[in-house]
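Colleague: With the sequence up front, the predicted model follows.
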Protein chains: 2
Amino acid sequence: MTPDTAPAARRGRLTEDREALLHAAVIDLLREAGYDALTMDAIAARARASKATLYRQWGGKAELVAAALRSSRRGAAEIDTGTLRGDLHELVRRRCGSSVHDAGLLRALGQTLHKDPALMRAFRTQVVEPENAALAAMIRRGADRGEIDPDRPAARFVPHMVLGALVARPLMEDAEADPAYLTTYVDAVVLPALGL
Amino acid sequence: MTPDTAPAARRGRLTEDREALLHAAVIDLLREAGYDALTMDAIAARARASKATLYRQWGGKAELVAAALRSSRRGAAEIDTGTLRGDLHELVRRRCGSSVHDAGLLRALGQTLHKDPALMRAFRTQVVEPENAALAAMIRRGADRGEIDPDRPAARFVPHMVLGALVARPLMEDAEADPAYLTTYVDAVVLPALGL
């Protein structure tokens, strides 16, 4: 490896592969035990990393969990299919495309998110804000193409609608949200609310 | 009290007032400690009732918590303002009218709801199904009055939209859902999705 191709390794950071493994370990442990019972020791053991490395790279459990959650949301910012409907369908497909179900992870964070300011701050900065920015960009492009009116009141509530679909299905229908359900929901709720 | 006016007391059941106090104690404890840490001992102590009474009347913690949650959702079934818009506004106003914030309680139940089949069953039967039936009746009346098309795909997702509004605001905007916010959301999202 030349210095140009491995800047992370040069600076003593984890390689991308190692980081992906570590994030996967955090997600697995979070799902198994919930946030409160999750320890840096358990993460270090599962990911075969030293605790010193974890603290050096992330600062703490809250930041590490937020980084892992962010990495599990596969690139909403890269989506650009040419239509708002296509973008939203692709977004929900990606959300369900991995083994990671957001609703289950949100439940694992549960009350802690609202009682632990460091975790909430990390979650907002690393997960909520990038996701909302990607959604806002989709809507702006749709408005630029003349598909929707950007001043439509529903435009600012798209994240709320999508989150509702994810959280409600297990409660209402005893099933996790899957791509077919979410696509139906986008067509039935999100697009009509946007006037499309 | 004559036997006619106090049938509950005659059968050894709690009076309505006592039951309301007990439900309030359960809700308070649930909010403070979460479901897992909630004990029948703590409920009995807070409500000055015997544990034997609690078990006799409710069967167990799951049923008692579901009954308390149900009682905290003030009569959606009684709402009938004459318009669908009026009904939905009144529903969200009542949801926020007490000190009980559904989103906070849902977080207190958190993961447990999805890991404890007895709790999920009690929650579905006592909270979700009556609430959904009340919403379906509102929508049916709106369709009968010609306000909306009952076959509109969004009609079956109204509970999902309302739940999304409750759950999303604390995450997105660092504030609990209040009546002004929920009324705006009904007008911006729920009614347009229904074509109204």
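Modeller: Yes, it's here. Numbering: from 1, shown residues only, chains lettered A, B, ... in the order given.
Colleague: Write out the residues of chain A neighbouring chain B.
Modeller: A:34, A:104, A:107-108, A:110-111, A:113-114, A:123-124, A:128, A:132, A:153-154, A:156-157, A:159-165, A:167-172, A:174, A:184-185, A:187-190, A:192-193, A:195 (C-beta under 8 Å from any C-beta of the partner chain). C-betas here are computed from N, CA, C, even on glycine.
Colleague: Please repeat the previous calculation with a cut-off of 7 Å.
Modeller: Residues of chain A lying close to chain B by C-beta under 7 Å from any C-beta of the partner chain are A:34, A:107-108, A:110-111, A:114, A:128, A:132, A:153-154, A:157, A:159-161, A:163-165, A:167-168, A:170-172, A:185, A:187-189, A:192-193, A:195.
Colleague: of the residues you listed, buried ones?
Modeller: Buried members of the residues of chain A next to chain B, counted by 16 or more other C-beta atoms under 10 Å in any protein chain shown: A:34, A:107-108, A:110-111, A:114, A:128, A:132, A:153-154, A:157, A:159-161, A:163-165, A:167-168, A:170-172, A:185, A:187-189, A:192-193.
Colleague: Leaving out sequence neighbours, find the closest residue to A:Val26.
Modeller: Leaving aside its sequence neighbours, A:Val26 sits nearest to A:Ala68 (C-beta to C-beta, 6 or more residues apart in numbering or on different chains; 3.8 Å).
Colleague: tell me which element A:Met138 falls in.
Modeller: Here A:Met138, judged by DSSP states H and E, is contained in helix A:129-144.
Colleague: Ok, A:Pro150 next?
Modeller: Assigned by DSSP H and E, A:Pro150 belongs to no helix or strand.
Colleague: Find me whatever residue is spatially closest to it, sequence neighbours aside.
Modeller: A:Ala143 (3.7 Å).
Colleague: What is the burial count for that neighbour?
Modeller: By other C-beta atoms under 10 Å in any protein chain shown, 17 other residues sit near A:Ala143.
Colleague: OK, now which residue of chain A is nearest to chain B?
Modeller: The nearest approach of chain A to chain B comes at A:Gly164, 1.6 Å away (C-beta to the nearest C-beta).
Colleague: Compute the inter-axis angle for the helix or strand containing that residue and helix A:129-144.
Modeller: Using DSSP H and E, A:Gly164 sits in helix A:158-173. If you take axes from the mean of the first three to the mean of the last three C-alpha atoms, to 10 degrees, helix A:158-173 sits at 110 degrees to helix A:129-144.
Colleague: List the buried residues for the following helix or strand past helix A:158-173?
Modeller: Of the helices and strands lying after helix A:158-173 in sequence (DSSP H and E), the nearest is helix A:179-185. For helix A:179-185, the neighbour count (16+ other C-beta under 10 Å) marks A:181-183, A:185 as buried.
Colleague: which helices and strands does helix A:179-185 pack with?
Modeller: Packing contacts for helix A:179-185, counted by 3 or more C-beta pairs under 7 Å, 6 or more residues apart in numbering or on different chains; DSSP states H and E, involve helix A:84-97, helix A:158-173.
Colleague: Those into CSV, with extra columns for distance to B:Leu21 and mean pLDDT?
Modeller: Conversion of these to CSV gives the following (distance: least, C-beta to C-beta, whole Å; pLDDT from 0 to 100):
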stretch, distance to B:Leu21, mean pLDDT
helix A:84-97, 44, 87
helix A:158-173, 28, 88
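Colleague: export those to CSV and tack on distance to B:Ala118?
Modeller: As requested, these are exported to CSV (distance: least, C-beta to C-beta, whole Å):
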stretch, distance to B:Ala118
helix A:84-97, 29
helix A:158-173, 16
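Colleague: wait, what's in contact with the nearest residue to A:Met161 once chain neighbours are set aside?
Modeller: Closest residue to A:Met161 apart from its sequence neighbours, by C-beta to C-beta, 6+ apart: A:Val190 at 5.1 Å. The contact partners of A:Val190, taken as C-beta atoms under 7 Å, 6 or more residues apart in numbering or on different chains, are A:88, A:158, A:161.
Colleague: is it true that the last one touches B:Gly164?
Modeller: The one in question is A:Met161. Yes. With contact defined as C-beta atoms under 7 Å, A:Met161 and B:Gly164 form a contacting pair (5.7 Å).
Colleague: Spatially central residue in chain A, please.
Modeller: What sits nearest the mean C-alpha location of chain A, by C-alpha atoms, centre = their mean, is A:Arg73, with 3.7 Å.
Colleague: now it: how far from B:Ala165?
Modeller: A:Arg73 sits 22 Å away from B:Ala165, going by C-beta to C-beta, to the nearest Å.
Colleague: got it, and A:Leu194?
Modeller: 16 Å.
Colleague: now swap in A:Ala76 and tell me
Modeller: Look at A:Ala76 and B:Ala165: by C-beta to C-beta, they are 21 Å apart.
Colleague: do the same with A:Met40
Modeller: Where B:Ala165 is concerned, A:Met40 sits at a distance of 36 Å (C-beta to C-beta).
Colleague: next one: A:Leu135
Modeller: With C-beta to C-beta as the criterion, A:Leu135 and B:Ala165 are 16 Å apart.
Colleague: before we move on, what about A:Val167?
Modeller: For A:Val167 relative to B:Ala165 (C-beta to C-beta), the value is 11 Å.
Colleague: Many thanks, we can stop here.
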